[in-house]
Structures are given as structure tokens and as C-alpha cells.
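**Student:** A predicted structure for the sequence below; I have some questions about it.
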Amino acid sequence: MDDLREPCPYRITDDCGGAFTMGCLGGAVFSAIKGFRLAPPGIKSRLTGMTTSVKVKAPVLGGNFGTWGLTFAACDCTLIYLRNKEDHWNSITAGAATGGLLSIRSGPQAAVTSAIIGGVLLAMIEGISIALTRIGAEQFKPVMPTLPDAA
């Protein structure tokens, strides 16, 4: 399916690290904005509030994203091993399993709801990926050359 990705055992750490990085960077941006806006008036106190907010909240969000990436990649690699094929259904099922596993402590109803949301979310991502691949493949279709008029 995707030749650019790492093979399966290494994919888990790669996805976990990438998700942690995205969570930290996204958390830093949103925490900085929120910390700046909620701080008392004055540029020094606003910058201090922004910095404190980023220090406290960005690593937490990065850890949450990293946990999600680790669980997703582990489920994806498990499905690849069990099914002996790598296709879009593995990602969709892994998204559903990840959603369910990460919310199992909240009870069965919450786990089923999160599993459905995770599966639907990954189905939308995979559908968009397939559509973009097909649209991008249109430009590589062979075109019949036009011959000059032989007059």
C-alpha cells in the first residue's frame, strides 16, 4: 500500500514519535495563544503566561497524541500480520480498535462510541487519500500524440 513507510516493527516507534511531535507542536501553538489571551494585562505578564501555558500543556497533549499513535500503529501492524496484507481496511479497523482501547476505562458504551468515531474518522481519512491518489494519477495517463498534417 505505502512503500514510503517503515516496515512494521519500526513503524510503531516512528508513528509514536511523529504523533508526539505533532501533539507537542500543535499544543504549543494553541497553549501559547490561550496563555497569552488569559494572562493579566501587560506584555510581560502575557508573555510569562504564554510561556508557562506552553511548558505545562504542550507536553501533555504531545503525550496524548503519542499514546494514540503508539496504539494505532500497534493495532495496524497486528492486523497486517494477521491478515497478511496491507490495505486501507487495516487502517480503518486499527482506528476503531484504537478508539475503543483508549476509552475502555470509561465503560463499554464509551468504548463502543469511541470505536465507531475512530473507525469513521479513519475511513474518511482513507477515502480522501484514495480520492487524492486517483486525482493525482490522472496527470500521468498516457496521451495520444497528435501527428502533423501531411499535406
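**Tutor:** Structure's in. What do you need? Numbers count the residues shown, from 1 in each chain.
**Student:** helix/strand/coil for Asp15?
**Tutor:** helix (DSSP: H, G, I helix; E, B strand; the rest coil).
**Student:** how many neighbouring residues does it have?
**Tutor:** 22 (other CB atoms under 10 Å). Just so you know, the C-beta spots here come from the backbone N, C-alpha and C atoms, and that holds for glycine as well.
**Student:** which ones are touching the closest residue to it other than its chain neighbours?
**Tutor:** Nearest non-adjacent residue to Asp15, counting by CB to CB, 6 or more residues apart in numbering: Ala73, 3.8 Å away. With contact taken as CB atoms under 8 Å, 6 or more residues apart in numbering, Ala73 is in contact with Arg11, Ile12, Asp14, Asp15, Cys16, Ala94.
**Student:** turn these into JSON lines, columns for pLDDT and distance to His88.
**Tutor:** Output for the contacts of Ala73, formatted as JSON lines (pLDDT from 0 to 100; distance: CB to CB, whole Å):
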{"residue": "Arg11", "pLDDT": "90", "distance to His88": "16"}
{"residue": "Ile12", "pLDDT": "92", "distance to His88": "19"}
{"residue": "Asp14", "pLDDT": "93", "distance to His88": "19"}
{"residue": "Asp15", "pLDDT": "91", "distance to His88": "16"}
{"residue": "Cys16", "pLDDT": "93", "distance to His88": "21"}
{"residue": "Ala94", "pLDDT": "95", "distance to His88": "11"}
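**Student:** for those residues, which one is nearest Pro59?
**Tutor:** Cys16 (14.6 Å; CB to CB).
**Student:** helix, strand, or coil at Pro145?
**Tutor:** Assigned with three-state DSSP, Pro145 falls in the coil class.
**Student:** next one: it from Gln139, what distance?
**Tutor:** 17 Å (CB to CB, to the nearest Å).
**Student:** then Pro7?
**Tutor:** 30 Å.
**Student:** do the same with Ser106
**Tutor:** 47 Å.
**Student:** which one's more surrounded, the two?
**Tutor:** With neighbours defined as other CB under 10 Å, Ser106 and Gln139 compare such that Ser106 has more, 11 against 6.
**Student:** thank you, goodbye.
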